[in-house]
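[1] Turn this into a model:
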Amino acid sequence: MSVSYRWVIVAAGALMSCVAIGAMFSLAIFQEPIATATGWSHVGIASAMTLNFIVMGFGGFLWGAASDRFGPRIVVMIGSVLLGLALVLASRAETLLQFQLTYGILVGLAASAFFAPMIAATTAWFDENRGLAVSLVSAGMGVAPMTISPFARWLISAYEWRPAMLIIGIATWVVLVPVALLVRRPPAETVDAGTEFAADGARPQLSKVFRSPQFIVLGLTFFACCAAHSGPIFHMVNYATICGVAPMAAVSIYSVEGLAGLGGRLLYGTLADRVGVKPVLVAGLLVQAGALATYLLVSELGQFYALAIVFGSAYGGVMPLYAVLAREYFGQRIIGTVLGAATMLSSLGMAFGPLIGGWIFDTFANYSWLFIGSAMVGLGAAAIALAFPPLARQKPQPAMGLAP
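    Here you go, the predicted model:
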């Protein structure tokens with residue numbers, strides 16, 4: 001295969017991430033129509049999303065380990081089939097419990113089958129421009145709210161929620177299964193010559209890896225980063241409304257953050273390739289923390305838009321950098337397992353933010369302490385990132401072979 005095929009891998013990863021994450025997060029669009037049609041409580045329906053986050057965390061670790069052992073193609077193929085099946089089953093659910101099990105657990109498990117395996121596959125294809133390539137794959141997640149969600153809204157308006165979810169499930173099969181067949185390992189993979197975790201290209205010992213300072217710092221930084229921004233992202237629309245912004249305009253702030261996140265991924269990924277991953281990550285985390293604190297000072301729509309650009313580009317830009325660091329510290333052989341474990345920690349951080357933000361608002365009737373606390377956690381993430389040990393630069397050795 002031509003070296004140019006690496007960009008096919010990037011495109012496939014971006015498309016699969018977009019469809020998988022978009023399908024999962026479309027629950028926000030389905031929530032009100034489902035509640036109206038079935039009489040199920042909003043809390044009960046929304047709890048499926050909480051299950052999604054929890055299952056995604058553990059699922060990402062398992063799928064990442066499976067991709068290291070069996071290759072990424074079989075993993076994303078299983079995920080593609082399972083995601084479509086989960087949506088089809090959820091569309092036929094007759095009770096709230098059935099819906100929570102199918103959408104909350106099966107969709108979460110399926111959606112987690114794409115990020116770690118495809119990021120691992122991408123890092124194997126790229127020695128140069130690795131940060132940019134990983135950022136482009138991750139950008140698919142940022143595009144999801146602007147593509148799948150409007151499609152879901154149109155389907156619901158035309159056919160009601162059950163046919164709409166059924167159509168999305170079938171469309172998932174139609175799109176993802178053929179794309180999964182495009183996934184390949186590179187024609188000549190690089191085997192990492194003796195790192196401090198394994199000598200002479202042998203498979204590193206996971207027990208040693210997970211106790212290492214490199215992984216501890218990686219996991220804690222990823223956790224703190226997501227814990228810092230998840231609450232403000234989730235509660236941003238409500239906060240803007242409280243500040244006097246019209247409801248529809250408040251929703252548009254979230255869209256601006258998403259668009260800024262796409263640009264941030266490209267900007268931060270390119271900078272990481274040029275000046276190094278660690279300084280760009282630390283700088284991005286500091287920008288994120290500063291933006292979170294600044295939300296205490298904004299009250300007008302124009303101010304929200306301006307800050308959304310800064311905040312969105314920061315949290316969107318730093319997210320792919322954790323995968324690049326994992327690859328550079330631990331090599332290609334176990335990148336899926338390591339990234340899956342780190343993603344599990346980040347998912348726990350994401351789950352905490354909305355809950356704590358809701359408790360703060362119920363207790364104090366405002367979000368001031370949410371932004372203060374989030375900014376402090378964001379600064380903590382930057383401080384933890386400063387503890388990353390220096391990267392050991394070692395020349396990779398070629399190992400011939402082609403596998404799906």
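[2] Surely Arg333 is in contact with Asp68?
    Yes - with contact defined as CB atoms under 8 Å, Arg333 and Asp68 form a contacting pair (6.7 Å). In this view, the C-beta of every residue, glycine as well, is placed from N, C-alpha and C.
[3] Could you pull up the residues touching the residue nearest the centre of the chain?
    The centroid of the chain falls nearest to Met141 when counting by CA atoms, centre = their mean (6.5 Å). Contacts for Met141 (CB atoms under 8 Å, 6 or more residues apart in numbering) come out as 17-18, 21, 115.
[4] Tell me which of the residues you listed fall in helices.
    Of these, the ones assigned to helices by DSSP state H are 17-18, 21, 115.
[5] Among the residues you listed, which one has the most neighbours?
    Phe115 (28 neighbours; other CB atoms under 10 Å).
[6] Distance-wise, check that residue relative to Gly269.
    According to CB to CB, to the nearest Å, Phe115 stands 16 Å off from Gly269.
[7] now do Ser230
    From Ser230 to Gly269 the distance is 22 Å (CB to CB).
[8] Now the strand or helix carrying Ala133: buried residues?
    Taking DSSP states H and E as the criterion, Ala133 maps to helix 130-159. Within helix 130-159, the residues that qualify as buried by neighbour count (16 or more other CB atoms under 10 Å) are 130-145, 148-149, 151-152, 155-156.
[9] for stretch 283-300, same thing?
    Quick answer for stretch 283-300 (16+ other CB under 10 Å): 283-295, 298.
[10] Which residues are in contact with Glu128?
    By CB under 8 Å, 6+ apart, the contact set of Glu128 is Asp273.
[11] Locate it within the secondary structure: which element?
    Of the helices and strands defined by DSSP H and E, none includes Glu128.
[12] give me phi/psi at it?
    Torsion angles at Glu128 (phi, psi; degrees, to the nearest 10) stand at phi -100, psi 150.
[13] so which two of the buried residues of stretch 283-300 are the farthest from each other?
    Ala283 and Val298 (22.3 Å; CB to CB).
[14] Sort out for me which of the buried residues of stretch 283-300 are in helices.
    Judged by DSSP H, helices contain the following of the buried residues of stretch 283-300: 283-294.
[15] Run a quick neighbour tally on the closest residue to Met118 other than its chain neighbours.
    Using CB to CB, 6 or more residues apart in numbering and skipping the chain neighbours, the partner closest in space to Met118 is Gly13 (3.6 Å). By other CB under 10 Å, the residues close to Gly13 number 30.
[16] Show me the shaky parts of this protein.
    1-3, 188-204, 391-404 (pLDDT under 70).
[17] And the strands in it?
    188-191, 397-400 (DSSP state E).
[18] In this structure Gly59 contacts Val107, no?
    No - contact criterion CB under 8 Å: Gly59 and Val107 do not qualify, at 10.4 Å.
[19] Same drill for these two, tell me which one is more crowded.
    More neighbours surround Val107 than the other of Gly59 and Val107, with 29 against 25 (other CB under 10 Å).
[20] wait, isn't the more buried one in contact with Val88?
    No - in this structure Val107 lies outside contact range of Val88 using CB under 8 Å: 10.8 Å.
[21] returning to what we had before: tell me which two in the contacts of Met141 are the farthest apart.
    Cys18 and Phe115 (11.4 Å).
[22] re the thing from before, from the ones in helices among the buried residues of stretch 283-300, which is closest to Glu328?
    Looking across these and measuring by CB to CB, the closest to Glu328 is Gly284, at 16.9 Å.
[23] I'd like to know how far the nearest residue to that closest one once chain neighbours are set aside sits from Arg69.
    Spatial nearest neighbour of Gly284, excluding adjacent residues (CB to CB, 6+ apart): Val318 at 3.9 Å. Val318 sits 29 Å away from Arg69, taking CB to CB as the criterion.
[24] More neighbours: those two, which one.
    Val318 (29 against 11).
[25] Please name the residues that touch the more buried one.
    225, 264, 268, 280-281, 284-285, 288.
[26] all helices in the stretch 201-350 of the chain, in order from the N-terminus.
    206-210, 213-242, 247-275, 277-294, 301-318, 321-330, 335-364 (DSSP state H, counting those that start in this stretch).
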